[in-house]
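Engineer: What follows is a predicted protein model with its sequence.
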Amino acid sequence: MPKMTKYQLDHFKSKVDRQFSPMIEEQELLVKRYQTEATDKAVGKLSKKMGADKIITKFRDAEKVLKEARDSARTFFKKKVKDQKDRTLNYNLRNHDEDLSLNDCETQLREWASNLAEREIERRPEGAKLKHLKDLKVKAIDTVMEAGTPETLIIALNLVSQKIGLNWDQDLKALPSVN
C-alpha cells in the first residue's frame, strides 16, 4: 500500500481549507453582529454588577474637569510664550502623557464583557453552527493527517464534506459554447 507524500497531504489540507473556510467566515460574520450587541449590553450590566459604573462616572467627570484645566493652562502658557519670544514651553506642556485613563477602564470592562458575550453566543443557533463547522474542519484535517492512502482518504473526506452539503470530488460543468 503506497504512503502519501507531503505534497499530497498539503493538497488535501488546502482543499479542506477551501471547502470549509468560506462557510466558517460567513458564519463568523453572522456571529459578530450578535457578539457586538451582547457585548454592549453586557458592559452596562457588568459595570453595575461590579460597582464600576460609579467609579467610571466619577472618572469621566474628573477627566472632563482635568481636560478643561489642561486646556486653560495650555492656552495661558502658549499665549505667554507668544508674548515673550525668547521663552519656550517645557515638555509636559507640549506633550503630556497620562497614566491611567477612563479609556483604560472602559477598555478593560469591554474586554471582560466581550468574553462573557462569546460564551453567550455559543448558545445561540448561529454560534452553535459556527462551532460545528469549525469542529468538522478539524475532523477533516485530522482525517487527512491520519489517512493511509489517497483512495481511503477521499472516501473519508467525502463523508465529512457531505455534512456541510458538499461533495469532496465535485464534477465541473463544461463552459457554455459562445456563438
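Structural biologist: In hand now; what should we look at?
Engineer: Could you use CA atoms for every contact and neighbour count after this?
Structural biologist: Noted.
Engineer: Now do the host helix or strand of residue 105, average pLDDT.
Structural biologist: Using DSSP states H and E, residue 105 falls within helix 102-121. Here helix 102-121 scores 81 as its mean pLDDT.
Engineer: So which elements touch that helix?
Structural biologist: Here helix 102-121 touches helix 6-50, helix 52-83, going by 3 or more Cα pairs under 8 Å, 6 or more residues apart in numbering; DSSP states H and E.
Engineer: Can you point out the buried residues in it?
Structural biologist: Judged by neighbour count using 16 or more other Cα atoms under 10 Å, the buried positions of helix 102-121 are 102, 106, 109, 110, 113, 114, 116, 117, 118, 121.
Engineer: can you put the residues you listed in a markdown table and add distance to residue 163?
Structural biologist: Compiled in a markdown table, these are given as follows (distance: Cα to Cα, whole Å):
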| residue | distance to residue 163 |
| --- | --- |
| 102 | 48 |
| 106 | 42 |
| 109 | 39 |
| 110 | 36 |
| 113 | 34 |
| 114 | 31 |
| 116 | 30 |
| 117 | 28 |
| 118 | 25 |
| 121 | 22 |
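Engineer: ok, those residues vs residue 56, which is closest?
Structural biologist: Nearest to residue 56 out of those is residue 102 (Cα to Cα; 6.9 Å).
Engineer: Contact partners for the closest one?
Structural biologist: Residue 102 sits next to 56, 59, 60, 63 when contact means Cα atoms under 8 Å, 6 or more residues apart in numbering.
Engineer: Can I have the buried ones of those residues as a PyMOL selection?
Structural biologist: Typed into PyMOL, the next command selects the buried ones out of those (criterion: 16+ other Cα under 10 Å):
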select buried, resi 56+59
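Engineer: before we move on, the earlier item: I'd like the next helix or strand past the helix holding residue 105.
Structural biologist: The helix or strand immediately downstream of helix 102-121 is helix 125-146, counting by DSSP H and E.
Engineer: thinking again about what came up before, sort out which one of the contacts of residue 102 lies nearest residue 129 for me.
Structural biologist: The closest of the contacts of residue 102, once distances to residue 129 are taken by Cα to Cα, is residue 56, at 37.1 Å.
Engineer: Correct me if wrong: the closest one contacts residue 105.
Structural biologist: Yes. With contact defined as Cα atoms under 8 Å, residue 56 reaches residue 105; the gap is 7.4 Å.
Engineer: Show me the shaky parts of this protein.
Structural biologist: Across the chain, the ranges flagged by pLDDT under 70 are 1-2, 77-78, 80-101, 172, 179.
Engineer: And the most centrally placed residue in it, how far from residue 17?
Structural biologist: With distances taken as Cα atoms, centre = their mean, the residue of the chain nearest its centroid is residue 32 (8.1 Å). Residue 32 is 21 Å from residue 17, where distance means Cα to Cα, to the nearest Å.
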